[in-house]
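Visitor: A predicted structure for the sequence below; I have some questions about it.
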Amino acid sequence: MTSNTNTLERERGILIVLSGPSGVGKGTVCAALRNCSPDIVYSVSATTRAPRQGEVEGVNYFFKTREQFQQLIDTDEVLEWAEYVGNYYGTPRRFVEDTLRAGQDVILEIEVQGALKVKQKFPEGVFIFLLPPSLDELQNRIVTRGTETDEVIRSRMSVAVDEIRLMEHYDYAIINDRVETACSKIQSILAAEHCKKDRMYPKVIQWIGEVN
Ligand code: 5GP
């Protein structure tokens, strides 16, 4: 028996998709997760939206012109993309694939249409839907963010209600009433997902095959 048959090789990383309506707090939950679970790698999206105050290129988003974004689509450099309230948003493909292959978990914080496209390509991903405690609370969160016009707020609320209907396609749903609670639920989900027999079975079969 050689030494590398003694231990089970590290499995591929898990792709976690955190989605839900705009204003539900996906960004806040993701930021908190980055603090309490530094091992989870955050995928930075590309967007044609203008940077908000305090947003940093390469940290919050890769900010692109429409022409640059179109080129990413044409050259198949985005895993998924969606048009949302007049702007394009997309997930850089290579970074996600390389990170998963290296055995690290990756989290995408994306809107619902994009999440459903990812599900077609990565059905083995873990799809988590964040819900607001109430629709009034969701509207408050969009309004108090203070960066959007009335027209954008109305448009985002209407999109939000349609998005909530799509939660049936997800594996888990979490009510985001407290960020810390939402984070610890995501950590628990991930711990359980890593123990799923189906994720380990092919490796274990190969492992015991090498021993015999
Ligand atoms: P915001 O403009 O508020 O930063 O984001 C608007 C929406 O776009 C949010 O729901 C956010 O989760 C989503 N989003 C951010 N990045 C991506 C992405 O790469 N792909 C998709 N489909 N949606 C994204």
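Guide: Received the coordinates, thanks.
Visitor: In the chain, which residue sits closest to the ligand?
Guide: The nearest approach of the chain to the ligand comes at residue 114, 2.1 Å away (CB to the nearest ligand atom). Heads up, the C-betas are built off the backbone N, CA and C, glycines and all.
Visitor: Does that residue lie in a helix or a strand, and which?
Guide: Residue 114 is part of helix 112-121 when elements are defined by DSSP states H and E.
Visitor: Tell me how far the closest residue to residue 104 other than its chain neighbours lies from residue 182.
Guide: Closest residue in space to residue 104, ignoring its immediate chain neighbours: residue 13 at 4.5 Å, by CB to CB, 6 or more residues apart in numbering. Using CB to CB, to the nearest Å, we find residue 13 at a distance of 21 Å from residue 182.
Visitor: which residues of the protein score low on pLDDT?
Guide: 1-6, 8-10, 145-147 (pLDDT under 70).
Visitor: So residue 103, which state does it fall into?
Guide: coil (DSSP: H, G, I helix; E, B strand; the rest coil).
Visitor: That one contacts residue 41, doesn't it?
Guide: No - using CB atoms under 8 Å, residue 103 is not in contact with residue 41; the gap is 10.6 Å.
Visitor: okay, and the common contacts of those two?
Guide: residue 13 (CB atoms under 8 Å, 6 or more residues apart in numbering).
Visitor: Tell me which of these two has more neighbours.
Guide: residue 41 (17 against 12; other CB atoms under 10 Å).
Visitor: can I assume the more buried one is in contact with residue 105?
Guide: Yes - here residue 41 reaches residue 105: they are 6.7 Å apart, a contact under CB under 8 Å.
Visitor: nearest spatial neighbour of residue 172, skipping sequence neighbours?
Guide: The nearest residue in space to residue 172 (CB to CB, 6+ apart) is residue 128, at 4.7 Å.
Visitor: how many other residues sit next to that neighbour?
Guide: As a burial measure, residue 128 scores 24 neighbours (other CB under 10 Å).
Visitor: For it, pull up the helix or strand it's in.
Guide: Following DSSP H and E, one finds residue 128 within strand 126-131.
Visitor: Pull out the buried residues from that strand.
Guide: Buried residues in strand 126-131, counting neighbours by 16 or more other CB atoms under 10 Å, are found at 126-131.
Visitor: do the same with stretch 96-112
Guide: Across stretch 96-112, burial judged by 16+ other CB under 10 Å covers 96, 99-100, 105-112.
Visitor: before we move on, back to that, turn the buried residues of strand 126-131 into a markdown table, including distance to residue 34.
Guide: Rendered in a markdown table, the data for the buried residues of strand 126-131 read as follows (distance: CB to CB, whole Å):
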| residue | distance to residue 34 |
| --- | --- |
| 126 | 17 |
| 127 | 20 |
| 128 | 15 |
| 129 | 20 |
| 130 | 16 |
| 131 | 21 |
